[in-house]
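1. Let's see this in three dimensions:
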Amino acid sequence: MDRSLFQGEVGLSLLITTSRRPNRRMRSLSKNLERVIPFSSRMQRGKASYQTLATLMKRRGFDKLLIIESRKGNPGALLFLKPSEKGLERVARIPILGITLQDRERRFTASSLKVEVDEMLRDKPGIRDLKNLLEEFLGSGPYEDLEGESCLLRITKGRKEGILLQFVDASTDRIVHPTIRIPEPKAEE
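-> Numbering: from 1, shown residues only. The predicted structure is shown next:
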């Protein structure tokens, strides 16, 4: 599927970038995310400021931005932003505790993505807000039933602390990566 066909349509385009000086692991995470998030596109940020990113988003028709921030040289957080009249408005920031990246043996490129929550976590505080955020920024929206590989973003409990965001091939139930470990969300007060 040619993803560029959908870029520029309101509600469908996510721009993925990193902090200004990404290392190999951060670039790999951005590539992995571009493969599993439909209607997304990745760009190297370079020296671009937030204002430059906002202008670029407007010019190219993107309506959401995901910045992978670094912490001690590793992916440290996912920063979700939307353009506003003042530039970019921060919607949410999710700290990253750890990641597992896709191996090179099989490339998976999603044409649709659906978010689901593991039954053990459904009643936990903050999980519904996390699910809504991920659906808003990463989900397929009205193009959920397009032909191609379908992906599930499963919010599940990991073996270590925190919870996992696992990208799974919907047809085989196989983890396609990346897997991102984040802290358990707190309920908004």
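2. which residues of the chain fall in helices?
-> 24-36, 50-60, 127-138 (DSSP state H).
3. can I assume residue 97 is in contact with residue 183?
-> Yes - if you go by Cβ atoms under 8 Å, residue 97 and residue 183 touch, sitting 6.4 Å apart. Yep, even glycine has a C-beta here, placed from its N, CA and C like the rest.
4. can you redo the helices of the chain as CSV with mean neighbour count and distance to residue 66?
-> CSV is the format used below for these (neighbours: other Cβ atoms under 10 Å; distance: least, Cβ to Cβ, whole Å):
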stretch, mean neighbour count, distance to residue 66
helix 24-36, 19, 7
helix 50-60, 15, 11
helix 127-138, 18, 7
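5. nearest to residue 84, of the ones you listed?
-> helix 50-60 (8.3 Å; Cβ to Cβ).
6. What helices and strands are in contact with the closest one?
-> If contacts are counted by 3 or more Cβ pairs under 8 Å, 6 or more residues apart in numbering; DSSP states H and E, helix 50-60 sits against strand 14-18, strand 74-84, strand 87-95.
7. could you list every residue that touches residue 78?
-> 66-69, 93-94, 96, 180 (Cβ atoms under 8 Å, 6 or more residues apart in numbering).
8. quick one, domains of this structure?
-> Residue ranges for the domains of the chain, per automatic domain parsing: 3-96, 110-182.
9. Nearest to residue 150 among the contacts of residue 78?
-> Closest to residue 150, out of all of those and judged by Cβ to Cβ, is residue 180, at 19.4 Å.
10. Among the contacts of residue 78, list the two that are farthest apart in space.
-> Using Cβ to Cβ, the two most remote members of the contacts of residue 78 are 67 and 180, lying 14.4 Å apart.
11. for this protein, what are the low-confidence residue spans?
-> Scanning the chain for pLDDT under 70 picks out the ranges 1-12, 103-106, 140-148, 187-189.
12. Tell me if I'm right that residue 174 and residue 167 touch.
-> No - contact between residue 174 and residue 167 fails when scored by Cβ under 8 Å: they sit 10.1 Å apart.
13. any chance of the domains of the chain in JSON lines, with distance to residue 102 too?
-> Output for the domains of the chain, formatted as JSON lines (distance: least, Cβ to Cβ, whole Å):
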{"stretch": "domain 3-96", "distance to residue 102": "5"}
{"stretch": "domain 110-182", "distance to residue 102": "4"}
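14. Would you mind finding the most buried of the helices and strands packed on helix 50-60?
-> Most buried of these by mean neighbour count (mean count of other Cβ atoms under 10 Å) is strand 14-18; its value is a mean of 22.
15. could you say what helices and strands that one packs with?
-> By 3+ Cβ pairs under 8 Å, 6+ apart, strand 14-18 packs against helix 24-36, strand 40-42, helix 50-60, strand 64-71.
16. 6 Å instead, please
-> In terms of contacts (3 or more Cβ pairs under 6 Å, 6 or more residues apart in numbering; DSSP states H and E), strand 14-18 is packed against helix 24-36, strand 40-42, strand 64-71.
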